[in-house]
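Chemist: Sequence plus predicted model, see below.
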Amino acid sequence: MPLRLKLKARDLARTLAATAAITGLVATAACGTRAGEETAATESCVDTSGDTVKVGSLNSLSGTMAISETTVRDAIALAVKEINAAGGVQGKTVEIVAEDGASEPTVFAEKAEKLIREDCVAAVFGGWTSASRKAMLPVFEDNDSLLYYPVQYEGLEASENIFYTGATTNQQIIPALDYLAETGVESIYLVGSDYVFPRTANAIINAYAEAHGIEVLGEDYVTLGSTEFSTIVNQVKSAGADAVFNTLNGDSNVAFFREYANVGLTAEDMPVMSVSIAEEEVGGIGVENIEGQLAAWNYYQTVDSPANTAFVEAFKAEYGADRVTSDPMEAAYTSVYLWAATVEKAGSFAVADVQAAADGVSFESPEGTVVIDGDTHHVTKTARIGEIRADGLLYTVWESEGPIEPDPFLEGYDWAAGLGDTE
Amino acid sequence: MSPAPVRMFLKTRLGTWTGFGAAAIVLFGLAPLLLSGFRLGLLAQFICYAIVAVGIGLAWGRGGMLTLGQGVFFGMGAYLMAMHLKMADAEFRNGPGAVPDFMELAGIRELPAYWAPFSSPAFTIAMILLLPTAFAVLLGLAVFKRRVKGAYFAILSQALAGAFAILLIGQQSLGGFNGLSRFQYFFGFTLADPVNQQMLYFIAAGVLLAVVAIALQLRRSRYGELLVAVRDAEERVRFLGYDAANVKVVAYAVAALFASVAGAVFVPVVGIISPASIGIVPSIMFILGVAIGGRASLVGPVVGALAVAWAQTALSEQFPSAWTYAQGLLFIAIIALLPGGIASVFKRFPTKRTPVEAAA
Amino acid sequence: MDLLVGQLFTGLSTGSILLLAALGLSLTYGQMGVINMAHGEFIMAGCYTAYVVQQAVGDAGASLLIALPVGFLVGGAMGLVLETLLIRRLYHRPLDTLLVTFGVGLILQQVARDVFGAPAVNVAVPEALRGGVDLLGVTVPKTRLFIMALAVVSVAAVTLVLRFTPAGRRIRAVVGNRDLAETAGISSRRVDAGTFFIGSGLAGVAGVALTLIGSTSPTTGQSYLVDAFLVVVAGGMGRIKGAVVAAVALGALQAVFETYSTASLAKVGVFLVIVVFLQLRPQGLFTLRTRSLA
């Protein structure tokens, strides 16, 4: 082969120079706001002139998180259906635009932007992992739109553009610790998946334990989705704590509880308090492996109230008698009603009006009355400790005296000083 | 479709300039006119994937190295850029030496020492260019000198991507599982401003053109010939007295550099980088775009990367709950039926036959 | 001391899980150089086979015994279909099969999601395998002992088949030198199909066994895949004994690292060890001497 093709450095330089010149020219011509200057607000394109109003439902329907998030999608769809049957919001039929977040934060951000800017939805419901919420947050703030996030999370966040209808730490973690302390637990072992919720939760637990004289005997993290627990369970067993605080997520729980039962640990001698296991997960773990263990949530399918009976009946009628309802589903269902109630109170779909009207909006939800706190955009929630029983459902064994005010930054707890204050 | 004379013309110097001119008109002129702000932002994101693809085209298509772990280099560039943006945001809010917001939430009060230099834009850009390249050279020397190749190399690089993602998840000072997000400014420009978002698109498009130009020069150089020779008959090249490992290392390092730059552009465009974007599955997605577009051609990887990303978005918007079927079928059909990728459709009348085009 | 014994056992146990997942892969990858990314989904198919059989049979003990051979057939049949429809057609493009089988894996995951639902399902552990046995002062779960035994049986079966049956001889001949084997009148196509059947069947068996310790969901298989590939690479292509040694070594390594650091860092550590190891032995632990000019 003739070697006529030598590296033509001059050509390369020319091409690059030309490219740089064009890019520089076009890019500088297109320069916008600089740091410190006021950015022109983006125009909302929400169209409320017709008989319908669109909302987005953004959940992972594929990938690892589909396990949990498809149930939330169903709950959102049910709430919208009921609201429409009752005459809609502001007399308009609510129409769902569904998108798949594919268990990937970047996809969540992309789809959120698509829902806001292309579909012009009035609000978006969904998200599950903190990573997905953190990815969507700037999108909702920059485009000034609304996200209703239905999952318990690690707190330390408050955005004008997000309504958090799941529990923050003082409505779930702290009541769970109070319960353990009340029942005489003096030492605990912490097991969690390696991501932000368990790490933040365990930081809070450590601070709590120090202030309340509880000894933390160990703290272990596994990779998300890991199913290898022999080492950790062996360490838990030899540590001999009074209880285990479990912040594992998803699939890992199955392997953990099976291993736990197999080495002979039981709910009687070392109970496990879990914060990510609801009715949906119990089925996958197998009730025989987890019977008698504890969970901390705000809602169980067995909560005894007329609103919950109606919700469970409607859900089973819609999706099948074998389906169960769980806390995140209930929070998602509630979030749609809260949005509808806020819009009715504001008399408008506009984001600014909804934000202004939000404080004090309440809804008689399956878990009890929830009220939006206008400052933090969180809601009041009743904390419940549940025990897993043989039928695979969770039953309340302890509940807080009435709904707990949300305190995402734990400002009301002296021992929590220094945990993530942002100022 | 594109008969021999056109292909011949494109190989001339005038033809090259014409090709670049046409691409520039499409990217800088037509696309911003025709697309909404949101779609243009998406295109900028896809262009980042295309930049990675150009590098893979070089390493895999021309060099025969199936780099299943480009997410590592993409991630390096992205995280380096993200660190600078977080530092700049923090300093703009709270003055020099301020701790980025996510660290405060994670309970980190002191700025980790390795973060401090990233407040300098020049240092950041130098690192984006140098760090992944140096890492690729070291790893490449270690692997290729020992003649680890083919599927061994593919699986090693895949495991590397997996290990890198796991390592990052454990680093709270790099945002852990959540990654880094919520950037306010890009070198002083407000990211929320649509005008600046368009500027980012132009930067991405410019980088793509530059990267294609570099790849073209490499292909047409003597080195490019040597690289193909190593791909097709490594032993024989070695018998001729060349060090085949060095030839491979260069292509691998260039591919790493491109991926890193792509990652650096990706961060301000998309606004988040997390371990989920750089692990095993995203790395395979990079490769798929290249395979579908045509690994051995110059423009094929670009077209393929854009096509795969676009198809993914379009399909998932149309069929949110069943789109993975369509996606999987698409991969199977194109790769099984069109070994040369989309680019081979345009090669109906090949000017000369390259027998081992599909060798990997 | 207890912890040390526990860790030793954990290493063996993790190793046997890795081995079960990797054994089939080692066969197909070794013989055809095919990187089958759908192997994880075959494992997942084995998990769901165990689930379906248990739904049908009811008794957990009986269903496990039935599910093991059924899982082998289900995995094997899926592998056979994949080989006949796709992999055979990509014969000279081994790295393309990686991408195609990745697409197949995506589709299989979605199929599982649509058929069985996205949430994980529960496969009950037989009464006889619940609880643990005390060995040298540590409690060893019976399920893990079962999996170790199953791994030993699988390896023995594969070795016997390869060594003493006519089909096994043909497989070894094709692995050794494909062209020469063909010249001797062996139909390498049929051997390929047979190997793929056995390799994928082993994935099915692994899936059935893994329901004893892990969850059964559409994405179950993925978590085992990369580790399984590492075992095959470290062990050397197509070498069963390589896979055995590599699996146990990686399991032990993981367990040791995990004791002294975190589980996530242990993964990274294992990877680094493999890179260094491949510096010493680029072709893996046991190399097959072939006369090909590659």
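Modeler: Arrived safely, thanks for sending. Numbers count the residues shown, from 1 in each chain, chains lettered A, B, ... in the order given.
Chemist: got the contact list for residue 323?
Modeler: In the absence of a named chain, chain A is used. If you count contacts by CB atoms under 8 Å, 6 or more residues apart in numbering or on different chains, residue A:323 has them with A:74, A:315, A:316. All C-beta atoms are positioned from the backbone trio N, CA, C, and that covers glycine.
Chemist: You answered for a different chain; I wanted chain B.
Modeler: Contacts of residue B:323 by CB under 8 Å, 6+ apart are A:62, A:100, B:312, B:315, B:316.
Chemist: Let's see that with 6 Å instead.
Modeler: Applying CB atoms under 6 Å, 6 or more residues apart in numbering or on different chains to residue B:323 gives the contacts B:315, B:316.
Chemist: Report the separation between the nearest residue to residue A:212 once chain neighbours are set aside and residue A:395.
Modeler: Of all residues not flanking residue A:212 in the chain, residue A:181 sits nearest, at 5.6 Å (CB to CB, 6 or more residues apart in numbering or on different chains). Distance of residue A:181 to residue A:395, computed by CB to CB, to the nearest Å: 21 Å.
Chemist: Does the residue nearest to residue A:212 fall in a helix, a strand, or a coil region?
Modeler: Following DSSP: H, G, I helix; E, B strand; the rest coil, we place residue A:181 in the helix state.
Chemist: before we move on, the earlier item: ok, so of the contacts of residue A:323, who is nearest chain B?
Modeler: Nearest to chain B, judged by CB to the nearest CB, of those is residue A:74 at 11.4 Å.
Chemist: Secondary structure of that closest one: a helix, I assume?
Modeler: Yes - the assignment for residue A:74 (three-state DSSP) places it in a helix.
Chemist: now the helices: where do they sit in the stretch 201-350 of chain B?
Modeler: With DSSP state H, counting those that start in this stretch as the criterion, the stretch 201-350 of chain B has helices at B:222-232, B:234-239, B:244-270, B:280-293, B:300-318, B:323-337.
Chemist: give me the number of residues near residue A:269?
Modeler: 10 (other CB atoms under 10 Å in any protein chain shown).
Chemist: do the same with residue A:43
Modeler: If you count neighbours by other CB under 10 Å, residue A:43 ends up with 8.
Chemist: For stretch C:22-36, which outside residues touch it?
Modeler: Stretch C:22-36 is contacted from outside by B:151, C:39, C:87, C:94, C:97-98, C:101, C:154, C:175, C:192, C:195-196, C:199, C:202-203, C:228, C:231-232, C:237-238, C:243, C:247, using CB under 6 Å, 6+ apart.
Chemist: mind listing what's buried in it?
Modeler: Buried residues in stretch C:22-36, counted by 16 or more other CB atoms under 10 Å in any protein chain shown: C:22-32, C:34-36.
Chemist: Could you do stretch B:82-95 as well?
Modeler: Of the residues in stretch B:82-95, B:82, B:83, B:84, B:85, B:86, B:87, B:88, B:89, B:90 count as buried by neighbour count, 16+ other CB under 10 Å.
Chemist: and the second one, how far is that from residue B:77?
Modeler: In this view, residue B:83 and residue B:77 are 11 Å apart by CB to CB.
Chemist: next one: the fifth one
Modeler: Applying CB to CB, the value for residue B:86 to residue B:77 is 15 Å.
Chemist: so where does the nearest residue to residue A:314 once chain neighbours are set aside fall, helix or strand?
Modeler: Spatial nearest neighbour of residue A:314, chain neighbours left out: residue A:78 (6.3 Å); criterion: CB to CB, 6+ apart. Taking DSSP states H and E as the definition, residue A:78 sits inside helix A:66-85.
Chemist: what separates stretch A:54-72 from the chain centre, distance-wise?
Modeler: Once both centres are worked out by CA atoms, centre = their mean, to the nearest Å, stretch A:54-72 turns out to sit 12 Å from its chain's centre.
Chemist: same thing with stretch B:148-160?
Modeler: That offset, for stretch B:148-160, works out to 18 Å (CA atoms, centre = their mean).
Chemist: who's in contact with that stretch?
Modeler: Applying CB under 6 Å, 6+ apart, the contact partners of stretch B:148-160 are B:66-69, B:72, B:280, C:33, C:35, C:226, C:229-230, C:233, C:271, C:278, C:282.
Chemist: Can you flag the buried ones in the residues you listed?
Modeler: Neighbour counting by 16+ other CB under 10 Å classes B:66-69, B:72, B:280, C:35, C:226, C:229-230, C:233, C:271, C:278, C:282 among these as buried.
Chemist: from the residues you listed, which ones fall inside helices?
Modeler: B:72, B:280, C:226, C:229, C:230, C:233, C:271, C:278 (DSSP state H).
Chemist: Filter the contacts of residue A:323 down to the buried ones, ChimeraX style.
Modeler: Selecting the buried subset of the contacts of residue A:323 in ChimeraX, with 16+ other CB under 10 Å as the burial test, is done by:
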select /A:74,315
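Chemist: Turn the contacts of residue A:323 into a markdown table, columns for pLDDT.
Modeler: Below are these laid out as a markdown table (pLDDT from 0 to 100):
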| residue | pLDDT |
| --- | --- |
| A:74 | 96 |
| A:315 | 97 |
| A:316 | 97 |
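Chemist: tell me which of the contacts of residue A:323 is nearest to residue A:336?
Modeler: Ranked by distance to residue A:336 (CB to CB), the contacts of residue A:323 are led by residue A:74 at 12.1 Å.
Chemist: measure the closest one to residue A:280 for me?
Modeler: The gap separating residue A:74 from residue A:280 is 11 Å, by CB to CB.
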